[in-house]
Each structure stands twice: as structure tokens, then as C-alpha cells.
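Participant: sequence below, structure please.
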Amino acid sequence: MQRPLRLILAALFAFTASPAAGLDETRGTGLPLPRFVSLRAGEVNMRTGPGLRYPVEWVYRRRTLPVEVIAEYATWRKVRDWQGAEGWVHQSMLDGRRTVIVTGQVRNLRRVPDAAAEPAARAEPGVIATVRECPTDGVWCRVEAEGIEGWLRRDEVWGVYPRETL
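Facilitator: So this is what the prediction gives:
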């Protein structure tokens, strides 16, 4: 039995239009790109392409680590981490909850959004905090890390955009 020509053409197009061939499909969820999310599990594979047939390039072992979604293809998301590594992660391994990671040096978690305010705690580089709010008009974000709430400047963390409101 011979298949109709349109089915053959559709199968051929699906094969040639794979992301491995250089096509980035960005119409998946309709959510804005880029955007920040966090890792849902304590072990997440980052692959070289969007599918199980692609090799694992990196294994993240840090639940709630913030990552930036930069492209989508079906159920796969191309992500970038805070150190610039890029690869593909299945959507089920990502969470919409927003977190940030402290960068640079030890940072003071302030009791109020003011550089002269008393510190509530000190956060070392690599500490992950949950974002509670980031007002539009400020350079500060209220975060919670290990049960302690306070304020960090946006330029002290990775995981929020400069003028983003949360």
C-alpha cells in the first residue's frame, strides 16, 4: 500500500526541520522568551539537543537552581545557567517558581531595601534564594534564603532582569 504524497512530505519536513538542523522553535508555550525558571528536581540532565537521543552534557544536582529559558521546542526548553552553560532540559524538570543565586562576593541581606540598612544575614556566593518581590521602581528584591527574609540588590544576584517586576 502506498502512502499519500502529503504524508511523505510531512514526515520529510518534520525530519529536516529538527532543532539539530539549526531550527529554534519558539512557539511552544506562548510564554515570553527569554524568561527565568528554576530546576524542579535534585538531578536534572542537560542535553546537547531537544530529545532523549541527544547525549547528556551536564547533570545538575541542585534543586531550585535558577535557569533562563532561551528557546522552546515541543516539550524541551533550551536553558542557560548563571555561568553561561547552555543546553536542553525537558519541561517537566523546570518549575515556574522564581529563585536567584548570589554572585560575586559575600552579600548582606538587608532588613529594608537600603544600602545603609542593618543586615539580616550574610549570603555567600552560590546561595540560592526564593524571590518574594522585585518592585519595578527599585534596584532591590525581597528574597528568602534558608528561612531568613531580606533585601538584595538586583546586581548582587542572577535570576531577575534589571527592570522586571515580580
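Participant: looking at this protein, which helix or strand is least sure?
Facilitator: Lowest on mean pLDDT, DSSP states H and E among the helices and strands of the chain sits helix 5-16, with a mean of 33.
Participant: domain ranges for this structure?
Facilitator: Domain assignment for the chain by automatic domain parsing gives 24-97, 100-158.
Participant: any idea how far the first one is from the chain center?
Facilitator: Read that as domain 24-97. Relative to its chain's centre, domain 24-97 lies at 7 Å (C-alpha atoms, centre = their mean, to the nearest Å).
Participant: measure the residue most central in space within the chain to A121 for me?
Facilitator: Nearest to the mean C-alpha position of the chain, counting by C-alpha atoms, centre = their mean, stands V67 at 2.2 Å. Distance of V67 to A121, computed by C-beta to C-beta, to the nearest Å: 25 Å. C-beta here means a position set from N, CA and C on the backbone, and glycine is covered the same way.
Participant: got it, and D114?
Facilitator: D114 sits 16 Å away from A121, going by C-beta to C-beta.
Participant: equivalent analysis for A129, please.
Facilitator: A129 is 10 Å from A121, by C-beta to C-beta.
Participant: give me the neighbour count for the closest residue in space to I70 that isn't next to it in sequence.
Facilitator: Residue nearest to I70 in three dimensions, not counting chain neighbours: P34, with 4.9 Å by C-beta to C-beta, 6 or more residues apart in numbering. The number of residues packed near P34 is 12, by other C-beta atoms under 10 Å.
Participant: fine, thanks again, bye for now.
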